[in-house]
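# what's the 3D shape of this:
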Amino acid sequence: MLKKLRDQDKQAIRFVLLFFVFVIGFNLLMEISWVQENLVLPYTTAIAKVSAVLLGLFESSIQVSGTIIRSESFAVDIRRGCDGVIATIILVSACLAFPLTWRQRASGALLGYLLIQILNLVRIVGLFLLGGAGAVQLFDFFHTYVSQFFVIALTMVFWIYWIGRQKTYSH
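Predicted structure coming up:
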């Protein structure tokens, strides 16, 4: 029993260390100007375009220019932190650090990435509609507190669910 406990402790420590190495490594990559200009900015621009298409279902005056989405009454600029990149880094790091096969890790990272993108699109569209309706104070509150919590919490729930499913099938 003690040996098993020690092995579990070692696995837990290994996971935590790997998780932080991945998070720090990915975040350092994000600080490289080439990565920002050639990967993150085009990625964020694509998010703005997809969001504008979705918003066009609700409002006809939607325009997009780079990372800025605007209508006749409201505009938002999707900036760093609002693009889902940080949530993705955390989830992918957790999936990669967890002791499973590389195929299982990759599937969790991919599924989690897709979930984060869907959640982030819902977040952007919802916030834009809220701001466009003239509820600027509600927009600020939901932008700062509710929507970020929503994405993080649902991402954590996904990861916990995914880990439980992997453990079920890996034995």
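
# buried residues in the longest helix belonging to the chain?
Of all the segments of type helix in the chain, defined by DSSP state H, the longest one is helix 102-132. Buried positions in helix 102-132, judged by neighbour count with 16 or more other Cβ atoms under 10 Å: 104-105, 108-109, 112-113, 115-117, 119-132. To be clear about C-beta, it is placed using only N, CA and C from the backbone, and glycine gets the same treatment.

# Repeat that for stretch 68-77.
Buried residues in stretch 68-77 (16+ other Cβ under 10 Å): 69-71, 74, 76.

# I'd like those written out as CSV, with distance to residue 144 and pLDDT added.
Compiled in CSV, those are given as follows (distance: Cβ to Cβ, whole Å; pLDDT from 0 to 100):
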residue, distance to residue 144, pLDDT
69, 19, 96
70, 21, 95
71, 22, 93
74, 17, 91
76, 13, 94
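
# tell me the pLDDT at residue 60?
What the model reports as pLDDT for residue 60 is 86.

# Would you confirm that it belongs to a helix?
No - going by DSSP: H, G, I helix; E, B strand; the rest coil, the assignment for residue 60 is coil, not a helix.

# Next, residue 134: secondary structure please.
Here residue 134 is recorded as coil under three-state DSSP.

# oh sorry, the question was meant for residue 81
coil.

# Disregarding residues adjacent in the polypeptide, which is nearest to residue 113?
residue 88 (5.6 Å; Cβ to Cβ, 6 or more residues apart in numbering).

# Please read the previous query as pertaining to residue 162.
residue 108 (4.9 Å).

# gap between the one you found and residue 164?
11 Å (Cβ to Cβ, to the nearest Å).

# So, low pLDDT: which residues of this protein?
For the chain, applying pLDDT under 70 flags the ranges 1-5, 167-171.

# At which residues are the strands of it located?
For the chain, strands defined by DSSP state E occupy the ranges 63-65, 68-70, 75-77.

# which residues sit in contact with the residue nearest to residue 113?
112-113, 116 (Cβ atoms under 8 Å, 6 or more residues apart in numbering).

# cool, and residue 8?
Residue 8 sits next to no residue when contact means Cβ under 8 Å, 6+ apart.

# Use 34 as the first number from now on
Right, with 34 as the first residue, what we last looked at is residue 41.

# Touching stretch 59-73 from outside, list them.
113, 116, 118, 122, 125-126.

# again, only using 6 Å
Stretch 59-73 is contacted by residues residue 122 when judged by Cβ atoms under 6 Å, 6 or more residues apart in numbering.
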